[in-house]
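> Just to be clear, the model below is a prediction. Sequence and coordinates:
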Amino acid sequence: MTKLDYKFYSRRNVVQIARNLPGKLLVTNVGGECTSGRIVETEAYGGVTDRASHAYGGRRTARTEVMYAKGGTGYVYLCYGVHHLFNVVTNAKDIPHAILIRAVEPVQGLEMMLQRTGKKQMDYTLTSGPGNLSKALGIDVRHTGIDLTGDTIFIADDGFSVHPGDIVTSSRIGVAYAGKDADLPYRFFLKGNKYVSGRKH
DNA sequence: CGACCGATCGTCT
DNA sequence: GACGATCGGTCGA
C-alpha cells in the first residue's frame, strides 16, 4: 500500500491525473475511525480556462483560495447547503486545478459508513455520488485545505490494477451552465461499476 | 423509466 | 437576493 505523494499530485495535466485515480483507495481517519473506499468515478476541473471550474477566469475568493494551493491539497465545499463535495487540488501552487471525486466503492469501515449516513442497510447509494461518499467517509468542510500526504485523508495505491479499457470517458455531470466546456471529456469511471453515479455512458 | 421538486445555507452579486 | 460540481422522494406514463 503506497500513499500517493506530492510528485503524483503536482503533475501538470489534471485530466491525466483524473484518469489515473479510478482504482486507487481513498482513506479517511476521522473521529478515530478508519474508513476507505475504492475510487470509481472522477471529474477534472481545468482551472482558469474552464467555465465549469470555481476558479474560472482566475476567480479568487475565500472559498476558492485553497484551489490555488499546491497539488495534494484537499478542497471541500458545501453544495446546495446540504452536501460536502471533496476535491483533490493538483498542479503547482497558484494553478487552481482540481479533481472532484464522484464515487467510491466501500472497502473498509462499512459499519461506520452506515452509522454516518443513517442508512439501515448496505446498498449502492452508500457511496455513490460526491455528497454521499463524503458523508460516508466523514469528510466535511472542516477538511478543506488539508494536506493529502498526511494521515487524516489520503489516497493510496494498494496494487489494484485497472485495465485502460475498463475506464470510460464522458462529459461531466451537472455543469450545463458551463457552455461549450460542459462537453469536455473530463469525467472518468470504471466500466460496469454499480457505485458510479449519473450517466453510465 | 424520466421529469420534476423541495431541502437548506454559504457564497457571491 | 439568487443560486448551486446534489439527493431522495413523488408523480405520471
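Thanks, I have the structure now. Note that the coordinates shown come from a computational prediction; the quantities given were computed from them, not determined experimentally. Numbering: from 1, shown residues only, chains lettered A, B, ... in the order given.

> ok, now how distant is the residue positioned nearest the centre of chain A from A:Gly192?
Central residue of chain A (CA atoms, centre = their mean): A:Ile101, 1.8 Å from the mean position. A:Ile101 sits 19 Å away from A:Gly192, taking CB to CB, to the nearest Å as the criterion. Using the backbone N, CA and C atoms, a C-beta is placed for each residue, glycine as well.

> The residue nearest to A:Gly23 when sequence neighbours are not counted: helix or strand, and which one exactly?
Spatially, and ignoring its direct neighbours in sequence, A:Gly23 is nearest to A:Val162 (3.7 Å; CB to CB, 6 or more residues apart in numbering). Element membership for A:Val162 (DSSP states H and E) is empty, with no helix or strand holding it.

> which ones are touching A:Val162?
By CB atoms under 8 Å, 6 or more residues apart in numbering, A:Val162 lies in contact with A:Pro22, A:Gly23, A:Leu190.

> tell me the phi and psi of the second one?
Note on A:Gly23: backbone dihedrals following degrees, to the nearest 10 are phi 100, psi -20.

> how deep is it tucked in, by neighbour count?
If you count neighbours by other CB atoms under 10 Å, A:Gly23 ends up with 18.

> pretty sure it contacts A:Ile39?
Yes: with contact defined as CB atoms under 8 Å, A:Gly23 reaches A:Ile39; the gap is 6.8 Å.

> Now A:Asp94. Nearest residue, chain neighbours left out?
Nearest to A:Asp94 is A:Tyr68, by CB to CB, 6+ apart, at 5.3 Å.

> Does the one you found touch A:Pro96 like I think?
Yes: assessed by CB under 8 Å, A:Tyr68 is found in contact with A:Pro96 at 5.1 Å.

> so what sits against both of those two?
A:Ala55.

> what sits against whichever residue of chain A sits closest to DNA strand C?
Residue nearest to DNA strand C within chain A (CB to the nearest atom of the strand): A:Gly129, separated by 2.1 Å. Each residue near A:Gly129 by CB under 8 Å, 6+ apart is listed here: A:Arg102, A:Ala103, A:Ser197, A:Gly198.
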